[in-house]
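Enquirer: pasting a predicted model and its sequence here:
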Amino acid sequence: MIATQAAVSQGCVFMSSGLLDILRLATVIPVIVIDDVRHAAPLAEALVAGGLPVLEVTLRTPVALDAVAAMRRAVPNAIVGVGTITQASHVQSAVDAGAQFGVSPGLHPDLVAATANANLPYLPGISTVSDLMRARLLGLSLCKFFPAQLAGGVAMLRTFYSVIPDVSFCPTGGIDARNAGEFLALPNVVCVGGSWVTPSALLRAGDWLQIRMLARDAAALAPAARS
């Protein structure tokens with residue numbers, strides 16, 4: 001058991017390095033809920049053209065995995081991941097669809113092991129110091145902070161940094177263009193995730209130009225001045 005956990009931990013250290021390279025490609029990662037697979041390709045094209053090459057498609061709709069596959073085919077330079085991974089079976093489904101990374105709302109050792117075994121860079125969600133300690137013991141150096149605003153926002157991330165400064169975050173949940181800079185200014189934040197770049201009304205309308213403009217504005221976000 002100890003040997004197995006050590007092997008998983010070593011795998012996580014290796015994958016965290018690859019995940020960091022992915023997350024550093026964009027200031028903002030769009031968190032995408034897609035209902036119509038026909039929207040997948042033009043949406044990915046608009047986001048990448050606007051300067052956001054890393055995309056997270058959540059497993060909240062029946063067409064999510066088909067959308068991932070469509071994005072990978074249509075926009076080869078997009079980095080497409082699967083979000084809302086909550087079961088070990090989701091990991092292989094994500095890999096089969098062509099996902100290049102996986103994201104979960106929470107942290108569970110079974111999912112850490114499954115993604116390590118599948119060589120899928122993985123971003124689990126945490127919201128407490130206890131979660132953070134468990135993540136670190138599992139060899140993880142990158143986590144999603146979720147739900148960011150409800151779980152304490154910028155103040156909680158500062159607390160995380162004071163006790164375990166060698167874990168970095170992509171905070172998601174309640175973040176938009178108005179407050180993203182406050183999170184990006186923190187030394188333990190690599191990027192932020194948010195759905196404001198892909199509002200459902202624009203998706204339904206197929207307004208890819210407006211989405212491209214939102215992506216451009218998000219890509220240009222700068223960290224707020226540190227206090």
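Expert: Ah, there it is.

Enquirer: give me the contacts around stretch 100-113.
Expert: Residues from elsewhere that reach stretch 100-113 (C-beta atoms under 8 Å, 6 or more residues apart in numbering): 8, 12, 19, 22, 56, 79-88, 90-91, 94, 115, 120-126, 131, 134-135, 138, 140, 143-144, 146. Any C-beta I mention is one placed from the backbone N, CA and C, and that applies to glycine too.

Enquirer: among those, which are in strands?
Expert: Of the contacts of stretch 100-113, the ones assigned to strands by DSSP state E are 56, 79-83, 122-123, 125-126, 143-144.

Enquirer: export the residues you listed to a markdown table and tack on distance to Leu214 and neighbour count?
Expert: Converted to a markdown table, these look like this (distance: C-beta to C-beta, whole Å; neighbours: other C-beta atoms under 10 Å):
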| residue | distance to Leu214 | neighbour count |
| --- | --- | --- |
| Glu56 | 16 | 26 |
| Ile79 | 19 | 23 |
| Val80 | 18 | 25 |
| Gly81 | 20 | 25 |
| Val82 | 22 | 27 |
| Gly83 | 19 | 28 |
| Tyr122 | 27 | 27 |
| Leu123 | 23 | 28 |
| Gly125 | 24 | 26 |
| Ile126 | 28 | 25 |
| Cys143 | 26 | 26 |
| Lys144 | 21 | 26 |
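
Enquirer: and the furthest pair within the residues you listed?
Expert: Greatest spacing in the ones in strands among the contacts of stretch 100-113, by C-beta to C-beta: Val80 and Ile126 (23.2 Å).

Enquirer: so where do the helices sit in the protein?
Expert: Secondary structure of the chain (DSSP state H): helices at 2-23, 40-49, 64-74, 88-97, 109-117, 129-137, 153-163, 180-184, 200-205, 208-219.

Enquirer: doesn't Cys191 make contact with Leu31?
Expert: Actually, residue 31 is Val rather than Leu. No. Taking contacts as C-beta atoms under 8 Å, Val31 lies outside contact range of Cys191: 11.7 Å.
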